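[1] Predicted model and sequence below, questions to follow.
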Amino acid sequence: MGNYLADPPIKLLDYVLSDISGYGGQIDAISIAGDFVVHGLCNSDPNHANWPKMKDVLLAITASVRKQFPGVPIIPTMGNNDMLNHYKSPSEDQKAMFYGDLYDIWFANTSVSGVRDTFMQGGFYRVDLAEGVSVLSLNSILLNSKNSEKETASELLQRKWLED
């Protein structure tokens, strides 16, 4: 139902999610590892980002998960293919738009709260699921050796946040 190096059809995702939801039992949270978006859709050329297409994919995936698991917290982590430009943190002038769009897609109007401040600083956050149970989501692109923005303020903020 899909092609190598292409997003699988949303119909396949819906089928898999429907099958999982049919097993019953309580699901406290859903963690989704990065690379929501197919390899090659984000550009290596900062002047030609495919962000509108990428947002459509992110919206469709998130909507499918929410449809099958209403009210269950989704804890997404972005991957190298989910960035505006492959393996590269957003520039300072792109940060508010990029992290704002992702925040709206993933967290607006959900039960996940208290993540906005750090997410908007660099895409990292903490979700407290229950007393003594927390999940940290890190933005590893900030630390990646391929990132040309190696010592960004966001990387330093994430390191400080982890230390605290």
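    Thanks, I have it.
[2] Output the below-cut-off pLDDT ranges for the protein.
    Applying pLDDT under 70 to the chain flags residues 1-6, 44-49, 146-152.
[3] any idea where the helices of it begin and end?
    Taking DSSP state H as the criterion, the chain contains helices spanning 10-21, 51-68, 92-106, 116-122, 153-163.
[4] Including distance to residue 36 and mean neighbour count, could those helices go into a markdown table?
    (Glycine included, C-beta is placed from N, CA and C.) As requested, the helices of the chain are exported to a markdown table (distance: least, C-beta to C-beta, whole Å; neighbours: other C-beta atoms under 10 Å):
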| stretch | distance to residue 36 | mean neighbour count |
| --- | --- | --- |
| helix 10-21 | 11 | 14 |
| helix 51-68 | 5 | 16 |
| helix 92-106 | 10 | 16 |
| helix 116-122 | 16 | 17 |
| helix 153-163 | 20 | 15 |
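[5] Just send the ones you listed back as a markdown table, with distance to residue 129 too.
    Output for the helices of the chain, formatted as a markdown table (distance: least, C-beta to C-beta, whole Å):
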| stretch | distance to residue 129 |
| --- | --- |
| helix 10-21 | 19 |
| helix 51-68 | 17 |
| helix 92-106 | 16 |
| helix 116-122 | 17 |
| helix 153-163 | 19 |
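[6] Surely residue 13 is in contact with residue 61?
    Yes: Residue 13 lies in contact with residue 61 (C-beta atoms under 8 Å); the separation is 6.6 Å.
[7] got the contact list for residue 116?
    Counting by C-beta atoms under 8 Å, 6 or more residues apart in numbering, residue 116 touches 103, 107.
[8] swap in residue 33?
    Residues near residue 33 by C-beta under 8 Å, 6+ apart: 77, 79.
[9] again, but for residue 14
    Shown in contact with residue 14 (C-beta under 8 Å, 6+ apart): 64, 67, 68.
[10] now those in TSV, with distance to residue 164?
    Output for these, formatted as TSV (distance: C-beta to C-beta, whole Å):
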residue	distance to residue 164
64	35
67	37
68	36
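[11] closest to residue 76 among those residues?
    Closest approach between these and residue 76, by C-beta to C-beta: residue 64, at 12.9 Å.
[12] Starting from residue 14, give me the distance back to that closest one.
    Distance of residue 64 to residue 14, given as C-beta to C-beta, to the nearest Å: 5 Å.
[13] starting at the chain centroid, how far to stretch 80-100?
    Its chain's C-alpha centre and that of stretch 80-100 lie 11 Å apart, by C-alpha atoms, centre = their mean, to the nearest Å.
[14] Next: stretch 95-112.
    The chain centroid and the centroid of stretch 95-112 are separated by 9 Å, computed with C-alpha atoms, centre = their mean.
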